[in-house]
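Asks: Fold the following.
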Amino acid sequence: MNRFVKSASAAALALIMAAGSFSVFAEDGRTKGDVSGDGSVNITDVSKAAAHVKSVKNLAGEDLAAADVSGDGKVNVTDVALIAAHVKGKKSLTGEKKVTMLPAKPEQVINEEPATFERLGVDRDAKKSFEADIAAKTDLPVINITTNENKEKILSKEIYTSCVVDMFNCGEEFEMDELSAGIRVRGNSSAYYGDEKKIKRSTVPYRIKFDKKQNMLGLNDGAKCKSWVLLKSDWDLIRNDIALRFGRTLLGTNAYCSDAKFVHLYVNDKFQGIYVLCEQNQVNKNRVDITEPEEGYTGTDFGFYMELNNYASRLNDDGTRYDDDPYITMDYESATVTDLRGETRQFVPAEYSVKNDVYTEEQVEFISDYMNDVFRIIYEACEKGNYLTFDEYYNVVPSDFTNAEDTVKAVADVQSIVDMYLLYDIVHDYDCGEGSFYMCIDFAKDSKVPKLQFTSPWDFNWAYNDGTNRYWAGAFCEKSFARQNGDRSNPWFILLAKQDWFMDMAKAKWAEVQASEHTIWNCVDEEKAILEEYADDLNKTDEWATGSAATLLEWIEARLKWMDSVYNS
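Replies: I've put the predicted structure just below:
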């Protein structure tokens, strides 16, 4: 269906229907909604009714009567919305609303009773003696995970293993003693796509889920949540930690970015390596603060949290889905554009997983329409000088705007896009147009995020590549990279980076941060201080780890000098 006249939201339709009933037939016996008189109600009728409402081509006689499906004596946007809802199968003109429930996701009960050393068959005194010995040899905070009989393996990406979590060698206020939780493997390529044989012999990232909300190491100003993440460090240690540090500095309080700290991780008293303890990207009042629907809710007036995810449609060898989150596809208008460096290419379609709870196919279809339409509005404004917007039902309609800046700002939290653009231009993450890239929007009445917001920077394993003296985030990726790994360019950034007003906002933000009490350069100094203070602990796995981190910092410093020269101009 043409997105120009897509259906009204479920809440809006409910209000329309509550206003009064109407006959299924026009006075001449023609079916209500059959504006064209061809015997069926279809997209042609939506277009004809919309053209009448916009005064493009007025209806008369039987056609006009058939378009007045609400029976109020006039043809307006209400009638267009009702006909469109009928055509899309969301609500028929007899008043029946289509609701297709999604399969319920089973939720694991990890611990029916709290996990304890005793329940797990583990000697508490021996455990505490071991931890005291480790604390005497270590300066970094230490997390020790204990599973059944001090030996059960953590192998599944889907099923949590019952465990006890201890945190020690930290401030007394942050210590954890025998806290009940579950732990599972997380990640994709870093977790060998769930291959348990490879997981068994490798270091992998984990997700911890406590029985009760907890804070860990004072992260995020002491916010308490059930879910936390342990990222395994790469050979250069700091690539994720410093990127998240940059992210927190740039995003500030405008959008969420995970806090993080280095730890030593033990599982069943066996050293696993240097890990970055950070937050789970999720809908939560302390993280991505958008409205959550009640279980089974069928409306659309709540928050949606989307992840650009190249694994969204991936299938396992047995034909089942690798990732069971609902997902949408964005075709980016199938547009061919020229980036700010003069490279011309067609955008590659991408898939976005819906990371929040949704319960119906119609909710997924609604957010699919919305996301594609926001991109369409931005594309039309930036590339064609055609200024569109949303009406109250999220139909795309002509606007009164006269420039791209006002048009884009009406539908998107542009400051969040600027902040994320600067972060990804610093680190040059090849994956920012293909995976682990997040956005959110909240359609609730009292929404804190009423426009599309970029949020939750994550996963910098493909960052810090190539030269330091050119634009990266707003340009197409290198052709040699695309041939080998697919084109992972970010279409949102490419469209906006060519806009003078957008780059002016980027320069203004860069100048603001660099003149603040905590600059981007301070992030580098903080990372250097950590490498110096905890050198022995950070080199425990590889004696050259801090040296690799120092080499990465040299690349970052060269990059920041170029950023200063460009964005401070």
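Asks: So the protein: which segments form each domain?
Replies: Domain ranges of the chain: 3-87, 117-279, 303-515, per automatic domain parsing.
Asks: where do the helices sit along the stretch 201-350 of the chain?
Replies: 219-222, 239-251 (DSSP state H, counting those that start in this stretch).
Asks: ok so, going back, do you know which of the domains of the chain lies nearest Lys98?
Replies: In terms of Cβ to Cβ, the element of the domains of the chain nearest to Lys98 is domain 303-515, at 6.9 Å. C-beta: built from backbone N, CA, C; applies to glycine.
Asks: Now do the phi/psi pair for the residue positioned nearest the centre of the chain.
Replies: Centroid-nearest residue in the chain, with Cα atoms, centre = their mean: Tyr438, separated by 2.2 Å. Dihedral pair for Tyr438: phi -110, psi 150, per degrees, to the nearest 10.
Asks: Just grab the bridge partners of it for me.
Replies: Beta-bridge partners for Tyr438, by DSSP bridges, are Glu307, Thr455.
Asks: surely it meets Asn281?
Replies: Yes: using Cβ atoms under 8 Å, Tyr438 is in contact with Asn281, at 6.3 Å.
Asks: Can you pull the residues that touch both of these two?
Replies: Counting by Cβ atoms under 8 Å, 6 or more residues apart in numbering, the shared contacts of Tyr438 and Asn281 are Val288, Glu307, Lys355, Ser456, Trp458.
Asks: By neighbour count, which of the residues you listed wins?
Replies: Neighbour count (other Cβ atoms under 10 Å) singles out Ser456 as the most crowded of the shared contacts of Tyr438 and Asn281, with 25 neighbours.
Asks: Could I get the contacting residues of the closest residue to that residue other than its chain neighbours?
Replies: Closest residue to Ser456 apart from its sequence neighbours, by Cβ to Cβ, 6 or more residues apart in numbering: Tyr438 at 3.8 Å. By Cβ under 8 Å, 6+ apart, the contact set of Tyr438 is Asn281, Val288, Tyr305, Met306, Glu307, Leu308, Lys355, Phe454, Thr455, Ser456, Pro457, Trp458.
Asks: Of the domains of the chain, which shows the lowest average pLDDT?
Replies: Here the domains of the chain differ in mean pLDDT, and the lowest is domain 3-87 at a mean of 71.
Asks: Run through the strands of the stretch 1-150 of the chain in chain order.
Replies: Listed in chain order, the strands found in the stretch 1-150 of the chain under DSSP state E, counting those that start in this stretch are 142-146.
Asks: next one: the stretch 151-300 of the chain
Replies: Going by DSSP E, counting those that start in this stretch, the stretch 151-300 of the chain shows strands at 161-168, 176-185, 206-214, 225-232, 260-267, 270-279.
Asks: Show me the one of those that comes nearest Asp318.
Replies: For Asp318, the closest of the strands of the stretch 151-300 of the chain is strand 176-185, at 19.2 Å, according to Cβ to Cβ.
Asks: How about residues contacting the closest one?
Replies: 108, 110-111, 114-117, 124, 145, 147, 154-168, 191, 194, 199, 204-212, 214, 216.
Asks: now these: which count as buried?
Replies: Buried by 16 or more other Cβ atoms under 10 Å: 110-111, 115, 117, 145, 147, 154-155, 157, 160-168, 191, 194, 199, 204-211, 214, 216, out of the contacts of strand 176-185.
Asks: Check which residues of the helix or strand containing Leu496 are buried.
Replies: Element membership for Leu496 (DSSP states H and E) is helix 491-497. Across helix 491-497, burial judged by 16+ other Cβ under 10 Å covers Pro491, Trp492, Phe493, Ile494, Leu495, Leu496, Ala497.
Asks: thinking again about what came up before, next, format the helices of the stretch 201-350 of the chain as CSV and append distance to Arg470 and mean neighbour count.
Replies: As requested, the helices of the stretch 201-350 of the chain are arranged in CSV below (distance: least, Cβ to Cβ, whole Å; neighbours: other Cβ atoms under 10 Å):
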stretch, distance to Arg470, mean neighbour count
helix 219-222, 34, 15
helix 239-251, 19, 23
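Asks: Need those in TSV (columns: distance to Asn42).
Replies: Listed next are those as TSV, based on distance: least, Cβ to Cβ, whole Å:
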stretch	distance to Asn42
helix 219-222	51
helix 239-251	46
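Asks: Ala482 versus the nearest residue to Lys151 once chain neighbours are set aside, what's the distance?
Replies: Nearest residue to Lys151 in three dimensions, chain neighbours excluded: Asn268, at 5.8 Å (Cβ to Cβ, 6+ apart). According to Cβ to Cβ, to the nearest Å, Asn268 and Ala482 sit 43 Å apart.
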